[in-house]
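A.B. asks: no FASTA, just this:
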């Protein structure tokens, strides 16, 4: 089944404790993105990648890192999480040319 | 820079009534436009998209949207809604020169009442 998977789905952590949220897609898509969703603010793009080893900042990249070493994986790293990073995070992928994004199920992160 | 404005944060309608969800965008270059739907406690899925060609775009579940370049709008319409259409709807834009970067609107919550 074609899909985007994210792990973990739920995470509660403390300020300053490094964490990684994984994202993987099995559709051989070139493009991948990370978004955060906050009430009343829609989805805001954190980082995106247009292919292996090609990443760029979205609208809210501060406090986040990404890497794209393999085409299928696009992990999101929070080196020192803070409470203002409490949010619902979505990973998405798309095929170059169609631009239709396929979204993962989301990761709900709480930083205390 | 590109931006998206969804003009209504909440739209309540009765079942079988028509609905229009409004979306305006701004961009200095040509764009691709999208509508996504998010059902409660789920991820987003594509309803329809405009890349080029015909300005009237038909999507899934009976939705359609019209691209109006002069008014920089991409409004979503359905002639007769069902209870199951209750969800949050997002308009999104990306430049055709950098399709990796996407900007979403703040969302419109459509509530269909019996």
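C.D. replies: Everything's here; your move. A quick note: this is a predicted structure, and the numbers were derived from the prediction, not measured.

A.B. asks: Just name the shakiest helix or strand of chain B by mean pLDDT.
C.D. replies: In chain B, no helix or strand scores lower on mean pLDDT, DSSP states H and E than strand B:98-104, which sits at a mean of 87.

A.B. asks: Report whether that one contacts chain A.
C.D. replies: Yes: remark: strand B:98-104 sits within contact range of chain A at B:99-104, by Cβ under 8 Å from any Cβ of the partner chain. In this view, the C-beta of every residue, glycine as well, is placed from N, C-alpha and C.

A.B. asks: Tell me how far the residue most central in space within chain B lies from chain A.
C.D. replies: Nearest to the mean C-alpha position of chain B, by Cα atoms, centre = their mean, lies residue B:35 at 3.4 Å. Per Cβ to the nearest Cβ, to the nearest Å, residue B:35 is found 11 Å from chain A.

A.B. asks: What's opposite that residue in the beta bridge?
C.D. replies: Bridge pairing for residue B:35 (DSSP bridges) gives the partners residue B:48, residue B:91.

A.B. asks: doesn't residue B:59 make contact with it?
C.D. replies: Yes: taking Cβ atoms under 8 Å as the contact criterion, residue B:35 and residue B:59 are neighbours in contact, 6.9 Å apart.

A.B. asks: which residues are common contacts for the two?
C.D. replies: B:46-49, B:65 (Cβ atoms under 8 Å, 6 or more residues apart in numbering or on different chains).

A.B. asks: List the buried residues in stretch B:8-27.
C.D. replies: For stretch B:8-27, burial by neighbour count (16 or more other Cβ atoms under 10 Å in any protein chain shown) applies to B:11, B:13, B:19, B:21-25, B:27.

A.B. asks: ah, wrong one, I meant stretch B:42-57
C.D. replies: When neighbours are counted by 16+ other Cβ under 10 Å, the buried residues of stretch B:42-57 are found to be B:43-44, B:46-51, B:57.

A.B. asks: how much distance is there from that stretch to the middle of the chain?
C.D. replies: Here stretch B:42-57 is found 8 Å from its chain centre; the criterion is Cα atoms, centre = their mean, to the nearest Å.

A.B. asks: sorry, back to before: make JSON lines out of the shared contacts of residue B:35 and residue B:59 and add pLDDT and distance to residue A:38.
C.D. replies: Written out in JSON lines, the entries for the shared contacts of residue B:35 and residue B:59 read as follows (pLDDT from 0 to 100; distance: Cβ to Cβ, whole Å):
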{"residue": "B:46", "pLDDT": "95", "distance to residue A:38": "22"}
{"residue": "B:47", "pLDDT": "96", "distance to residue A:38": "22"}
{"residue": "B:48", "pLDDT": "96", "distance to residue A:38": "25"}
{"residue": "B:49", "pLDDT": "95", "distance to residue A:38": "25"}
{"residue": "B:65", "pLDDT": "97", "distance to residue A:38": "25"}
